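Novice: I'll drop the sequence and a predicted model, then ask my questions.
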Amino acid sequence: MHEASLLALSAPVFVLLIALEMIYYKLHPDENASGYSVRDTAASLSVGAGAALVDILYKTIALAVFIGLYELTPLRIEVTWATFPLILLAQDFCYYWMHREHHLVRVLWAGHVVHHSSVRYNFSTAVRQPWTGLTSQLFFIPLVLAGVPPWAVLVCGGINMLSQFWLHTDRVGRLPRVIEKTFNTPSAHRVHHASQGDYLDRNFGGILMIWDRAFGTWAEAGERPRYGLTKNIDTFNPLRVVSHEYAAIGRDLADAATWRERAGFLLARPGWRPARPPAPGADAGRAADGPDTP
């Protein structure tokens, strides 16, 4: 059983938990929680269903590549009760860097932005996943080259993703400090989904928060988060949700004047704009307008 199988088997549980949380919101309304809306939830479920289908293809490709690389490396790590927790720890370390780079490199962000595109924060947000997730698997190649069996890499990936579903809720407050300092929690992940400047690009960890603390990307929950993007897309169309940033990249590439600018639009941080001299007759003191940074 690999990651795609784990997630497929969990789908009915996800739907049940989403329904239960919706009922809870109805019975116990809270003006400080983002809550649910019919159109937003329908969009999240539609995007999630599409992601589950294409993910079967991506996981098949990833598994084939992993098997090929595994056969090339002389290293072997036997999966036992003693080594599996260490493999999961190593997978979580790779997940941190995968997640971080998908926020900091625009062409990677174009896929991951889907997960951040809702202004709501609830269990349905957890299933709003990209349809272009193959790039994520590149970051786990070092595990295979180190001798971890491909099936174990994918199983650990499934465990990591399953562990994050419950994080997407406003209804769980702060947990004991030792847990908050060590593990990913709803409080820590709410910061990650916030669009305020001090919260942007923080708390990338999957299972553990120790990586964020070690590499300077940790942020403590303080002011109430504003969910979504710094410039929200204002659509519930699943096709637009999954494609809007790719379309924006296409427009920027068409407008690029040099190959350096084209590389910047693909590989620089989201929101990057080239420093161009003002057009003749333009007010040289006026700052050029650019898109908001996600």
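Specialist: That came through fine.

Novice: which residues of the stretch 151-294 of the chain score low on pLDDT?
Specialist: For the stretch 151-294 of the chain, applying pLDDT under 70 flags the ranges 278-294.

Novice: try 50 this time
Specialist: Across the stretch 151-294 of the chain, the ranges flagged by pLDDT under 50 are 282-294.

Novice: spell out the residue ranges of the helices in it.
Specialist: In the stretch 151-294 of the chain, the segments counted as helices under DSSP state H, counting those that start in this stretch are 177-182, 186-192, 210-215, 238-255, 259-267.

Novice: distance between the longest helix along the chain and the chain's centre?
Specialist: Ranked by residue count and defined by DSSP state H, the top helix of the chain is helix 38-72. Put simply, helix 38-72 sits 13 Å off its chain's centre (CA atoms, centre = their mean, to the nearest Å).

Novice: about what we covered before: for the helices of the stretch 151-294 of the chain, which one ends up most surrounded?
Specialist: Across these, averaging neighbours per residue (mean count of other CB atoms under 10 Å) puts helix 186-192 on top, at a mean of 21. (Each C-beta comes from the backbone N, C-alpha and C, glycine too.)

Novice: hmm, who's touching it?
Specialist: Outside helix 186-192, the residues that touch it by CB atoms under 8 Å, 6 or more residues apart in numbering are 121, 164, 166-170, 172-175, 180, 199, 202-205, 209, 219-221, 225.

Novice: pull out the buried members of those residues.
Specialist: Among the contacts of helix 186-192, the ones that count as buried by 16 or more other CB atoms under 10 Å are 121, 167-170, 180, 199, 202-205, 209, 219, 221, 225.

Novice: counting neighbours, what do you get for residue 256?
Specialist: The tally of other residues near residue 256 (other CB atoms under 10 Å) stands at 16.

Novice: from memory it sits against residue 272, does it?
Specialist: No. Residue 256 is beyond contact range of residue 272, at 11.6 Å (criterion: CB atoms under 8 Å).

Novice: CA atoms of stretch 16-24 as PDB?
Specialist: Output in PDB follows, covering the C-alpha atoms of stretch 16-24 (Å, rounded to 0.1, in the frame of the first residue of the first chain):
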ATOM      1  CA  LEU A  16     -17.500  12.500   7.200                       C
ATOM      2  CA  LEU A  17     -15.300  14.800   9.300                       C
ATOM      3  CA  ILE A  18     -16.000  17.800   7.000                       C
ATOM      4  CA  ALA A  19     -19.800  17.100   7.400                       C
ATOM      5  CA  LEU A  20     -19.400  16.800  11.200                       C
ATOM      6  CA  GLU A  21     -17.500  20.100  11.400                       C
ATOM      7  CA  MET A  22     -20.100  21.800   9.300                       C
ATOM      8  CA  ILE A  23     -22.800  20.600  11.700                       C
ATOM      9  CA  TYR A  24     -20.700  21.700  14.600                       C
END
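
Novice: would you mark the buried spots in that stretch?
Specialist: Buried-residue list, stretch 16-24, by 16+ other CB under 10 Å: 17, 18, 21, 22.

Novice: that older thread, what do residue 256 and residue 272 both touch?
Specialist: Shared contacts of residue 256 and residue 272, counting by CB under 8 Å, 6+ apart, come down to residue 265.

Novice: is the spatially most central residue of the chain in a helix, a strand, or coil?
Specialist: When the chain is reduced to its mean C-alpha position, the closest residue under CA atoms, centre = their mean turns out to be residue 112, at 4.9 Å. Under DSSP: H, G, I helix; E, B strand; the rest coil, residue 112 falls in the helix class.

Novice: surely it touches residue 104?
Specialist: No. Using CB under 8 Å, residue 112 makes no contact with residue 104, being 10.3 Å away.

Novice: hang on, the earlier thing: of the helices of the stretch 151-294 of the chain, which is nearest residue 41?
Specialist: Closest approach to residue 41 among these (CB to CB): helix 238-255, 12.2 Å.

Novice: which neighbouring elements make contact with the closest one?
Specialist: In terms of contacts (3 or more CB pairs under 8 Å, 6 or more residues apart in numbering; DSSP states H and E), helix 238-255 is packed against helix 38-72, helix 106-112, helix 259-267.

Novice: which one of the buried ones among the contacts of helix 186-192 sits closest to residue 79?
Specialist: Among these, residue 205 lies closest to residue 79 (CB to CB), at 23.3 Å.
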